[in-house]
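1. take this sequence and fold it.
(2 chains)
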Amino acid sequence: NAGVTQTPKFQVLKTGQSMTLQCAQDMNHEYMSWYRQDPGMGLRLIHYSVGAGITDQGEVPNGYNVSRSTTEDFPLRLLSAAPSQTSVYFCASRATGASNQPQHFGDGTRLSIL
Amino acid sequence: QQQVKQSPQSLIVQKGGISIINCAYENTAFDYFPWYQQFPGKGPALLIAIRPDVSEKKEGRFTISFNKSAKQFSLHIMDSQPGDSATYFCAASMEGQNFVFGPGTRLSVLP
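-> The predicted structure is shown next:
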């Protein structure tokens, strides 16, 4: 009963380093998305995907890349980490179709950029 | 027009009291309004949701009230318990579009 799994749970990077945040879901959901959560800002959409091979930008895409080669996986890449990217990152998935399909979230990756 | 406003930012309630969180939206095309509950160190989890064709939905101690003409909806937590202490997010969506989340309300229920 895994749902949405995110790794790692915690990460500390130095400015300029790159890394990939992993996200996997086992519910065969077509739609997957990445959010960042900052105090007082709620959940802001970074990138999303409506299916394998299809990705699009959200509200705050700069500094992040995504790819979707399989239905299950949706990694988020930081190309050159900056202190402004210190945040908690959540991956989510949901079934497509009617709008009343709930989002299922992972438990997040807490990322600190020094 | 895509924004969802949420208030208050934080809320302190005594055990047994009623917690009320309010949200407002602009886009009348939204047709699904969920509330998510988030505990520290965890991701948000769906708590309760409503469609605009009903004015109220109740699940246990949690009730959503929906006012379509005012474009507002609220979450009521009856008999609030310390275990309800969490951050609550309202959201809105429509078919084929991304969810839009409110900024969140941090609820503390005092024992």
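2. for chain A, longest strand please?
-> As assigned by DSSP state E, the longest strand anywhere in chain A is strand A:42-51.
3. where are the low-confidence patches of chain A?
-> A:1, A:97-99 (pLDDT under 70).
4. 80 instead?
-> A:1-2, A:40, A:97-100 (pLDDT under 80).
5. can you pull the residues of chain A lying near chain B?
-> A:4, A:33, A:40-43, A:45, A:48, A:58, A:90, A:92, A:97-100, A:102-108 (Cβ under 8 Å from any Cβ of the partner chain). Every residue, glycine included, has its C-beta placed from N, CA and C.
6. what's near enough to touch the closest residue to A:Gly63 other than its chain neighbours?
-> Closest residue to A:Gly63 apart from its sequence neighbours, by Cβ to Cβ, 6 or more residues apart in numbering or on different chains: A:Gln85 at 6.1 Å. A:Gln85 makes contact with A:Arg36, A:Gly63, A:Leu78, A:Leu111, A:Ile113, according to Cβ atoms under 8 Å, 6 or more residues apart in numbering or on different chains.
7. let's see 10 Å
-> By Cβ atoms under 10 Å, 6 or more residues apart in numbering or on different chains, A:Gln85 lies in contact with A:Leu13, A:Thr15, A:Arg36, A:Val60, A:Asn62, A:Gly63, A:Tyr64, A:Leu78, A:Leu111, A:Ser112, A:Ile113.
8. among these, which one lies nearest to chain B?
-> Set against chain B, the nearest of these by Cβ to the nearest Cβ is A:Arg36 (11.6 Å).
9. is it true that the closest one lies in a strand?
-> Yes - assignment of A:Arg36 by DSSP: H, G, I helix; E, B strand; the rest coil places it within a strand.
10. ok, now which ones touch it?
-> Neighbours of A:Arg36 in contact, by Cβ under 10 Å, 6+ apart: A:42-46, A:58-60, A:64, A:76, A:85-90, A:108-109, A:111.
11. and B:Val109, how many residues sit next to it?
-> 20 (other Cβ atoms under 10 Å in any protein chain shown).
12. report all helices and strands that the helix or strand hosting it contacts.
-> Element membership for B:Val109, per DSSP states H and E: strand B:105-110. With contacts taken as 3 or more Cβ pairs under 10 Å, 6 or more residues apart in numbering or on different chains; DSSP states H and E, strand B:105-110 sits against strand B:10-14, strand B:19-25, strand B:72-77, strand B:86-92.
13. using PyMOL, define a selection of the buried residues within the contacts of A:Gln85.
-> Buried residues among the contacts of A:Gln85 (16 or more other Cβ atoms under 10 Å in any protein chain shown), as a PyMOL selection:
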select buried, chain A and resi 13+36+60+64+78+111+113
